[in-house]
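Undergrad: I would like the atomic coordinates for the input below:
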Amino acid sequence: FLIMLDLPHANRSIGFWVPLAYQREAALIYEKIERTWTAFFRGQLIIGVIIGVITFIQLTAMGQPSAIVLSLVVALISLIPTIGGIIALIPLFFAPLLQGSTVFLEMSNLTFALLVVIVNLIITQIVWNVIAPKILGDALNLPVVVIIVGVFVGAAVGGILGAFLVAPIMSTIWLIVNYLVRKIAQTDPFPGEKPIVVLGA
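TA: All right, here's what the predicted structure looks like:
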């Protein structure tokens, strides 16, 4: 959130110290970084809300007593890129195991917990594989395997915040590295592209 707030200030600052010869490239880098972070935050928030609402509907229909609280927990955990939906299955298993169901009264708590997890796993897989790619698009421009490895590294280094932010951070680093490699090779890093923003404006 603070990064997003600081982007306009960064735009003004960059315009003062970037030489005119590099204004186009700096403006394009700025645009791509801004697009990456904005799309990531917006997309993850939308996905979290969708999963939270669907989980609430599922738990209410299945008679889970703490449907609202559990749905909020699942929605928050789902903000972690890629593996958040898998981690969210942990509270989705233990809460029904301890509380049981108000609908399936003859079903054991263990069977009910497994049923809740299976149904939610199917739902979240549909969301992550069908809806999420359309929402996030190519904002991160990273393979899923790289994101998964990055989430584990980010979690080890920075905890939950590290796991959440590692995807756009890696995407930003990849953008800058790709730019530097092309500059070293003396080729145009962004052939045919023109910036929309004006640095310093």
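
Undergrad: so what's residue 98 up against?
TA: Residues in contact with residue 98, defined by CB atoms under 8 Å, 6 or more residues apart in numbering, are residue 109. From N, CA and C alone the C-beta is placed, and that goes for glycine too.

Undergrad: Going C-terminal from the helix or strand it falls within, what's the next secondary structure element?
TA: Using DSSP states H and E, residue 98 sits within helix 89-99. On the C-terminal side of helix 89-99, the nearest following helix or strand under DSSP H and E is helix 109-126.

Undergrad: Now do the helix or strand following that next one: which elements does it pack against?
TA: Remark: after helix 109-126, the chain's next helix or strand is helix 132-136, criterion DSSP H and E. If you count contacts as 3 or more CB pairs under 8 Å, 6 or more residues apart in numbering; DSSP states H and E, helix 132-136 packs onto helix 23-61.

Undergrad: Mind listing what's buried along the helix holding residue 98?
TA: Going by neighbour count (16 or more other CB atoms under 10 Å), the buried part of helix 89-99 is 89, 92-93, 95-97, 99.

Undergrad: Any idea how far that helix is from the middle of the chain?
TA: How far helix 89-99 lies from its chain's middle: 24 Å, per CA atoms, centre = their mean, to the nearest Å.

Undergrad: Give me the neighbour count for residue 153.
TA: Residue 153: 14 surrounding residues under other CB atoms under 10 Å.

Undergrad: so what's it up against?
TA: Residues counted as contacts of residue 153 (CB under 8 Å, 6+ apart) are 162, 166.

Undergrad: Now it: which helix or strand?
TA: Using DSSP H and E, the element containing residue 153 is helix 144-184.

Undergrad: again with residue 195
TA: With DSSP H and E as criterion, residue 195 is part of no helix or strand.

Undergrad: Now it: closest residue in space, sequence neighbours ignored.
TA: Using CB to CB, 6 or more residues apart in numbering and skipping the chain neighbours, the partner closest in space to residue 195 is residue 27 (3.5 Å).

Undergrad: Disregarding flanking residues, what is the spatial nearest neighbour of residue 89?
TA: Spatial nearest neighbour of residue 89, chain neighbours left out: residue 117 (5.3 Å); criterion: CB to CB, 6+ apart.

Undergrad: The one you found - how many residues pack around it?
TA: Residues near residue 117, counting by other CB under 10 Å, number 18.

Undergrad: Residue 46 and residue 132 touch, don't they?
TA: No. With contact defined as CB atoms under 8 Å, residue 46 does not count as touching residue 132 (9.0 Å).
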